[in-house]
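# when you get a sec, could you give me coordinates for this:
(chains A, B, C and D)
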Number of protein chains: 2
Amino acid sequence: MSEAATAMPILTDSEIYDSIVAAILDHRLAPGTKLGEEKLGRAFGVSRTRIRQVLVRLAAEQIVVITHNRGACIASPTPQEAHEVFSARLLIEPPLIKAFVSAADTPRLHALQHTLHQEEQALHDGDWRAAVRLSGDFHLQIAEGAHNATLEKILRELVSRTSLIIMAYDTPGKARRESHTCGCDEHEALFEAILARNAREASRLMKRHLQHLLDQISFKAREEQQTDLEFLFARS
Amino acid sequence: MSEAATAMPILTDSEIYDSIVAAILDHRLAPGTKLGEEKLGRAFGVSRTRIRQVLVRLAAEQIVVITHNRGACIASPTPQEAHEVFSARLLIEPPLIKAFVSAADTPRLHALQHTLHQEEQALHDGDWRAAVRLSGDFHLQIAEGAHNATLEKILRELVSRTSLIIMAYDTPGKARRESHTCGCDEHEALFEAILARNAREASRLMKRHLQHLLDQISFKAREEQQTDLEFLFARS
DNA sequence: TTGCACTGGATTGCATACAATCGAGTGCAT
DNA sequence: ATGCACTCGATTGTATGCAATCCAGTGCAA
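As a prediction, this is how the structure comes out:
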């Protein structure tokens, strides 16, 4: 809360923006969280004016929702939105990985491999937050290597929103170890296909991977709450 | 300049945003145009504070560029960006029109047909601005009918940027009547395919249409200026 | 004429002040 | 006890003011 109020000389708007997005990618900032302007201002050591601009930008990217006279909250994607985000990713990422396969040079491949290893390591260490973040990085690095800044930016937004979706609808507790956090296997398979310069296979695997991610999300999380309410109604 | 300074009681941020975007879609606001805060504030009858928020949003959508201590200008897409925008549209719009073919109900088809007729009429009347705007509307209506708000928003941004690209790189003067403004024929063909519920054909035609749009853009516009400079250098 | 330092006006960056709005909590009436 | 009107603290919306920055135009020197 009073995270960085001291001894941080100057903080650019983008840095504030990045901090907030990073917190979301880390699953440290959950959907629905209130983002009070003054509170954030204190956290970053700047005034409301600048916070507000960052919030407006985040709202434009549908990462937060600003309600008139009621301020900003982290967006809570509806199941409908979740499906939209995934169908957008299904459209965009397979071609992106194809472009990556064609264009990626050796250092980029090494960087990707490094991320993959870090992800495995994080998972092995049980560092769940790092694993989630690195999993997103894996996808973003592929987008970076495709040399299309426009699509890359679009995917950035979609990945952030995916993070919110997972927070909102992940199957709670239970089989977390063998669920999406360990799409690591699939990331590994993707990397193999990339190394082999097999664009078609990489594209196919990407589709499957995203489909699996979507399948692992249970929209019952909210529905359960609804049924709970129904129970209450029935009893009263 | 002093457009609406009087007698406009209250103007919401979205309305200001919409006005500016509309001006771009109309080709009334060219790439590179300076957007002074106070000047805009006077035009809309509000203070810089609110203008600034709108500009931040437009910047997030890459429609304007904000340079530190130098304010906001309408973005001037580079040829690279232009290619990116078109490859993004080529990715997104064919599936979108397929979804439209599956999902569109009668009123929506009528609305689309109405837009098409208006476009033809505007072209016939020589109302060039209306024709350009309606041409964009045609694409956006298809996106609306595909029931994916996320992709629709993405396409909105891409269409705005396409408008800037055309302004920046359109083959000047000359064969304007038979160029993109009269992609009307192609829009008509698209509409036919939609009416026939022929999703595959519609998708194919959409790809061709976008490809034609891209082909009609001449990136020589800027290059000519450069060669002009080279001539000057050679002579001096 | 060309190059460079400087200055004044204009514009932006940012914080703050004030008005408007919300909603949790209180108290009263039923 | 329940419902309802009201008030007050907290938070947001918006305008304004001031400092920082830029840049066009001027003048001076080479």
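# tally of neighbours for A:Arg70?
Per other C-beta atoms under 10 Å in any protein chain shown, the neighbour tally for A:Arg70 reads 9. C-beta: built from backbone N, CA, C; applies to glycine.
# for the closest residue to DNA strand D within chain A, what are its contacts?
Nearest to DNA strand D, among the residues of chain A, is A:Gly71, at 3.0 Å (C-beta to the nearest atom of the strand). A:Gly71 makes contact with A:34-37 under the criterion C-beta atoms under 8 Å, 6 or more residues apart in numbering or on different chains.
# quick one: contacts for the closest residue to A:Val159 other than its chain neighbours?
Spatial nearest neighbour of A:Val159, excluding adjacent residues (C-beta to C-beta, 6 or more residues apart in numbering or on different chains): A:Gly136 at 4.9 Å. A:Gly136 makes contact with A:25, A:159, A:162-163, according to C-beta under 8 Å, 6+ apart.
# tell me which helix or strand comes right after whichever strand or helix holds A:Gly136.
Taking DSSP states H and E as the definition, A:Gly136 sits inside helix A:128-145. Tracing the chain past helix A:128-145, the next element assigned as helix or strand by DSSP H and E is helix A:149-169.
# quick one: contacts of whatever helix or strand A:Thr115 lives in?
In this assignment (DSSP H and E), A:Thr115 forms part of helix A:106-125. With contact meaning C-beta under 8 Å, 6+ apart, helix A:106-125 is reached by A:104, A:128, A:130-131, A:134-135, A:137-138, A:141-142, A:144-145, A:181-182, A:184, A:187-188, A:191, A:194-195.
# can you do 10 Å?
A:100, A:104, A:127-142, A:144-145, A:177, A:181-185, A:187-188, A:190-191, A:194-195 (C-beta atoms under 10 Å, 6 or more residues apart in numbering or on different chains).
# returning to that earlier point: backbone dihedrals for the residue of chain A closest to DNA strand D, please?
Backbone torsions of A:Gly71, given as degrees, to the nearest 10, read phi 80, psi -160.
# got the domain ranges for chain A?
Under the assignment automatic domain parsing, the domains of chain A span A:13-74, A:79-221.
# who wins for proximity to DNA strand C among the ones you listed?
Ranked by C-beta to the nearest atom of the strand, the member of these that lies closest to DNA strand C is domain A:13-74, at 3.4 Å.
# could you tell me the end-to-end distance of the closest one?
Using C-alpha to C-alpha, to the nearest Å, one end of domain A:13-74 lies 18 Å from the other.
# buried sites along the helix holding A:Thr115?
Within helix A:106-125, the residues scored as buried using 16 or more other C-beta atoms under 10 Å in any protein chain shown are A:108-109, A:112, A:115-116, A:118-120, A:122-123.
# for that helix, give the mean pLDDT please.
Taken as a whole, helix A:106-125 has a mean pLDDT of 95.
# next, the angle from that helix to helix A:128-145.
Orientation of helix A:106-125 against helix A:128-145 (axes from the mean of the first three to the mean of the last three C-alpha atoms, to 10 degrees) gives an angle of 160 degrees.
# show me where chain A has helices.
A:13-25, A:37-44, A:48-60, A:79-103, A:106-125, A:128-145, A:149-169, A:184-195, A:199-216, A:220-235 (DSSP state H).
# spell out which residues of chain A are next to DNA strand C.
Chain A comes close to DNA strand C at residues A:13, A:46-50, A:69-70, as judged by C-beta under 7 Å from any atom of the strand.
# which of those lies closest to A:Glu201?
Using C-beta to C-beta, A:Asp13 is the member of the residues of chain A next to DNA strand C that sits closest to A:Glu201, with 41.5 Å.
# identify the residues contacting A:Ala196.
A:101, A:202.
# my bad, A:Asp26
Going by C-beta under 10 Å, 6+ apart, A:Asp26 touches A:128-130, A:132-133, A:136, A:163.
# I'd like the residues you listed as TSV, with pLDDT appended.
Formatted as TSV, these follow (pLDDT from 0 to 100):
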residue	pLDDT
A:Trp128	86
A:Arg129	90
A:Ala130	93
A:Val132	92
A:Arg133	95
A:Gly136	96
A:Ser163	97
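# got a PyMOL select line for the buried ones in those?
Selecting only the buried entries of those in PyMOL, with 16+ other C-beta under 10 Å as the criterion:
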select buried, chain A and resi 130+132+133+136+163
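# can I get the helices of chain A in JSON lines including distance to DNA strand D?
Output for the helices of chain A, formatted as JSON lines (distance: least, C-beta to the nearest atom of the strand, whole Å):
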{"stretch": "helix A:13-25", "distance to DNA strand D": "14"}
{"stretch": "helix A:37-44", "distance to DNA strand D": "4"}
{"stretch": "helix A:48-60", "distance to DNA strand D": "6"}
{"stretch": "helix A:79-103", "distance to DNA strand D": "22"}
{"stretch": "helix A:106-125", "distance to DNA strand D": "34"}
{"stretch": "helix A:128-145", "distance to DNA strand D": "26"}
{"stretch": "helix A:149-169", "distance to DNA strand D": "19"}
{"stretch": "helix A:184-195", "distance to DNA strand D": "38"}
{"stretch": "helix A:199-216", "distance to DNA strand D": "33"}
{"stretch": "helix A:220-235", "distance to DNA strand D": "15"}
